[in-house]
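Trainee: Sharing a model prediction with you, sequence too.
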Amino acid sequence: MRLILAPMEGVVDHTMRALLTSLGGIDRCVTEFVRVTERLLPPRVFYRLCPELHSAGRTAAGTPVYLQLLGGQPLPIGENAARAAELGAPGIDLNFGCPAKTVNRSDGGAILLREPERVHRIVAAARTAVPGLVPVTVKTRLGFEDDELFLDIVRAIEAAGATELTIHARTRRQGYRPPAHWHTIAKAREILRIPIIANGEIWSVGDAQRCRESSGCDDLMLGRGALCRPDLPRIIRSALHNSAPAVEPLAWPAIAPLLIAYFELNLAAYDARYVGNPIKQWLAYLRGYYPQAALLFERVKRLRAPADIHAQLLAEANACKPSAGSPGAPSMAAC
């Protein structure tokens, strides 16, 4: 079983990848998409979205990071795939799943699923341009408006030479609304020889088990679930992989220091004026599983100065430390 961290645009950047992979359980990451139009992009674009290229395409924990491209024209995709490989990307991923209207209107993402033959040409261009030892993977959905062309799409992807395929088990029209239709992925499993990774609505060990049973896939991609529960990958691995040691879920006192670590990663990477945004965004995800995150979010949501935000995070972490009168027990006032 492999667990892949999803490429969530505007959320899973290199700082979030660094944090989540440090906790274990993740076998691979995929970057936010590099938008490809009609030209070969300069190296700085790739380094900006994937600074891990400076470290052999891996996070500090050693997890490989595939570089994702999004675009509608085969030749530019091929040229930029070749450049990404030259810069050291351990794998190239192609995005045919983004449902954003702005992306679709500019000939990228899920809108291409209306044309399986064009999907084939784009994948083939990347495969031809990239050295054979470098994987070319694809992320797609069940279709655009419906799943009528689903099997045509996946056949086209395999025929073009893709190494493996991740399928988000919803159409573009369905967006991110539950449920995810894992059973439809099983239809692709029946006809394809390349590995398939199932994606969509995996929030717990139970979801992971049901997804594997319904889709027939051993491998899973985790997105929002891993943001709400940052230890979800290792919890799933522990529960579903017989050789993995059992692990306990992280309680809030263990999450509070991670917030500080994440804030400091962003402070080192970005303009100080904007470092509060990622931590607020992550708290918005965490509050779906940790009630304490909702309370902390209310305290920081209007703060702008990095020092003020940092002070609140430190106060939360300190409040969760064992109290002097009860060794080993966190202060329940905050935790």
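Mentor: It's in.

Trainee: Follow the chain on from the helix ranked longest in the chain and name the next helix or strand.
Mentor: Longest helix in the chain, counting residues (DSSP state H): helix 252-269. Under the assignment DSSP states H and E, the closest C-terminal helix or strand after helix 252-269 is helix 276-286.

Trainee: how far off helix 252-269 does that next one point, in degrees?
Mentor: 150 degrees (axes from the mean of the first three to the mean of the last three C-alpha atoms, to 10 degrees).

Trainee: Quick one: mean pLDDT over helix 276-286.
Mentor: For helix 276-286, the mean per-residue pLDDT is 97.

Trainee: Same question for stretch 307-324.
Mentor: Averaging pLDDT along stretch 307-324 gives 88.

Trainee: ditto for stretch 230-239
Mentor: 95.

Trainee: do stretch 83-98 as well
Mentor: Stretch 83-98 comes out at a mean pLDDT of 98.

Trainee: Can you verify my assumption that Ala110 contacts Lys101?
Mentor: No - applying C-beta atoms under 8 Å, one finds Ala110 not in contact with Lys101, separated by 10.0 Å. Glycine gets a C-beta too; all of them are placed from N, C-alpha and C.

Trainee: higher neighbour count, those two?
Mentor: Between Ala110 and Lys101, counted using other C-beta atoms under 10 Å, Ala110 has the larger neighbour count: 26 against 11.

Trainee: mind checking the SS state of that one?
Mentor: helix (DSSP: H, G, I helix; E, B strand; the rest coil).

Trainee: For the closest residue to it other than its chain neighbours, give its distance to Phe263.
Mentor: Nearest non-adjacent residue to Ala110, counting by C-beta to C-beta, 6 or more residues apart in numbering: Arg172, 3.7 Å away. Per C-beta to C-beta, to the nearest Å, Arg172 is found 34 Å from Phe263.

Trainee: ok, now Pro195?
Mentor: In terms of C-beta to C-beta, Pro195 sits 37 Å off from Phe263.

Trainee: Could you do Val247 as well?
Mentor: Relative to Phe263, Val247 is positioned 25 Å away (C-beta to C-beta).

Trainee: repeat for Leu222
Mentor: 23 Å.

Trainee: now Arg58
Mentor: When Arg58 is compared with Phe263 (using C-beta to C-beta), they lie 23 Å apart.

Trainee: next one: Gly206
Mentor: Distance from Gly206 to Phe263, by C-beta to C-beta: 32 Å.

Trainee: neighbour count winner among the two?
Mentor: Phe263 (23 against 11).

Trainee: Quickly list the domain ranges of the chain.
Mentor: Annotated domains of the chain cover 3-240, 252-319 [automatic domain parsing].

Trainee: Please work out which of these is packed deepest.
Mentor: Among those, domain 3-240 has the highest mean neighbour count (mean count of other C-beta atoms under 10 Å), at a mean of 20.

Trainee: I'd like the distance from that domain to the chain centre, please.
Mentor: Relative to the centre of its chain, domain 3-240 is centred 8 Å away, using C-alpha atoms, centre = their mean, to the nearest Å.

Trainee: measure that domain end to end?
Mentor: Distance across domain 3-240, first residue to last, is 11 Å (C-alpha to C-alpha, to the nearest Å).

Trainee: can you check stretch 100-115 too?
Mentor: 18 Å.

Trainee: Equivalent analysis for stretch 283-295, please.
Mentor: 9 Å.

Trainee: repeat for stretch 282-291
Mentor: Stretch 282-291 stretches 13 Å from its first residue to its last (C-alpha to C-alpha).

Trainee: Not counting that stretch itself, show me its contacts.
Mentor: Stretch 282-291 is contacted by residues 16, 224, 227-230, 252, 255, 259, 262, 293-294, 296-297, 300 when judged by C-beta atoms under 8 Å, 6 or more residues apart in numbering.

Trainee: Please narrow those to those residing in helices.
Mentor: In this view, those that belong to helices under DSSP H are 16, 224, 227-228, 252, 255, 259, 262, 293-294, 296-297, 300.

Trainee: Take the residues you listed and lay them out in CSV including distance to Pro7.
Mentor: Below are the ones in helices among the contacts of stretch 282-291 laid out as CSV (distance: C-beta to C-beta, whole Å):
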residue, distance to Pro7
Met16, 11
Arg224, 12
Leu227, 13
Cys228, 17
Trp252, 28
Ile255, 23
Leu259, 23
Tyr262, 18
Ala293, 23
Ala294, 27
Leu296, 27
Phe297, 25
Val300, 27
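
Trainee: Perfect, that will be all.
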